[in-house]
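[1] Structure here, sequence nowhere to be found:
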C-alpha cells in the first residue's frame, strides 16, 4: 500500500494571471466524476470516471484509502468501464463532479479542483514525506490551509450532495 501525503488549500481565485505570465504551467485538464462506495472509520472506497479534456480519453479507477489527516494509505488501480458502471448502478448515488487542472508552479506539481455542483475551488500538493509536507511554505495565492478541516474533504462534500 502506498502512502498519500498531501496538503489542501482553499484557493481564493483561479490563478489565471500566473498562467498567463508563465509562472504556472498547465500540464493536464480532467473532468472527474467521483462516487464513494463505502465510508467508515477513516476508510473509504471510491470509483472515478476521468475524462481528459484535451484528448477525450476516458479512464476509470477504483481506490481504497485508510487514515485521516495529511498522510493516508492508498491503493488505486484502473478498472474497466463495465466494472465501473456496475458499481455506480449498485450504489445509485450522485457523483461529485470536478475539473482538475494539474500544473507546475516553481518546480512543484499542484492540482486545482474546481467543483461543478458547489462554489468551491481547492489546490492540493502531494509530497514524498511527512517532513517535506510539514515544512512546505505555501505562497499567499494558495489561500488558507484546510488540510485537516473535515468539511473540505471530498467524502464530506460528496455526502452533502446525497442529501440534496
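    That came through fine. Predicted model, so just to flag it, every value in this text is computed and none were measured. Numbering: from 1, shown residues only.
[2] CA atoms for contacts and neighbours, from now on please.
    Fine.
[3] Tell me the secondary structure of residue 158, please.
    helix (DSSP: H, G, I helix; E, B strand; the rest coil).
[4] hang on, isn't it packed against residue 97?
    No: in this structure, residue 158 is not within contact of residue 97 by CA atoms under 8 Å, at 9.2 Å.
[5] phi, psi of the residue of the chain most remote from its centre?
    Most distant residue from the mean C-alpha position of the chain: residue 21, 25.4 Å away (CA atoms, centre = their mean). Reported as degrees, to the nearest 10, the phi and psi values for residue 21 are phi -80, psi 0.
[6] what comes up buried for the biggest strand by length in the chain?
    Taking DSSP state E as the assignment, the strand of the chain that covers the most residues is strand 24-40. By 16 or more other CA atoms under 10 Å, the buried positions in strand 24-40 come out as 24, 25, 26, 29, 30, 31, 32, 33, 34, 35, 36, 37.
[7] what's the answer for stretch 133-150, then?
    133, 142, 143, 145, 146, 147.
[8] hmm, who's touching it?
    Contacting residues not belonging to stretch 133-150 are listed as 5-12, 15, 69-70, 123, 126-127, 152, 156 [CA atoms under 8 Å, 6 or more residues apart in numbering].
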